[in-house]
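*Asks:* Based on what follows, work out the 3D shape:
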Amino acid sequence: MNESDKIERDAEEPTIVNRPTVGMILFLLFGPIVWAIHFSIVYSSQSTLCAAADHLDFHPNSAIAAIIFMVSICAVATLVWAISLPSRLAAALGVDLAARRASFYSSVMTLLAWLSVFGIAALALSAFLVDPCAPLR
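*Replies:* Numbering: from 1, shown residues only. Sure thing, here's the model as predicted:
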């Protein structure tokens, strides 16, 4: 077999993405993913509103507080749903929880989701205790 035959054979073989593995990773890391999305939304909106404070007709602190409150409630509600119904989350992600280690996987997901709930609560609480635009001035 020469080099050109090997290149042609490699080009013909399809790349296989193992969907159950990707689903399991998303299932296990669901809490930190929601937390990261929450973190991104909160800090991007805070930075944007604080940077544009001079051009706004209102002080951005009330808008930032409202955004943080709404985004935090949505994130915590999503995580509480995942914690209370892990089988539905697994089914939505294409994960088979009938496997041998289903209780272990559910426990890991639940633990990481609770950690994420506490992280979201800490971020929301700090936003209400500290002036959100003060460090950016």
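*Asks:* which stretch of helix or strand covers the residue nearest to Asp96 when sequence neighbours are not counted?
*Replies:* Nearest non-adjacent residue to Asp96, counting by C-beta to C-beta, 6 or more residues apart in numbering: Pro20, 6.9 Å away. To be clear about C-beta, it is placed using only N, CA and C from the backbone, and glycine gets the same treatment. Following DSSP states H and E, one finds Pro20 within helix 19-28.
*Asks:* Give me the helices and strands touching that helix, please.
*Replies:* For helix 19-28, the elements it packs on are helix 86-92, helix 102-129, judged by 3 or more C-beta pairs under 8 Å, 6 or more residues apart in numbering; DSSP states H and E.
*Asks:* Out of those, which is closest to Ile64?
*Replies:* Nearest of these to Ile64, taken as C-beta to C-beta: helix 102-129 at 7.1 Å.
*Asks:* just the angle between that closest one and helix 19-28, please?
*Replies:* Here the directions of helix 102-129 and helix 19-28 differ by 40 degrees (axes from the mean of the first three to the mean of the last three C-alpha atoms, to 10 degrees).
*Asks:* mean confidence score for helix 102-129?
*Replies:* Averaging pLDDT along helix 102-129 gives 91.
*Asks:* Going by neighbour count, which residues in it are buried?
*Replies:* The neighbour-count check on helix 102-129 (16 or more other C-beta atoms under 10 Å) flags 105-106, 109-110, 112-113, 116-117, 119-120, 123-124, 127 as buried.
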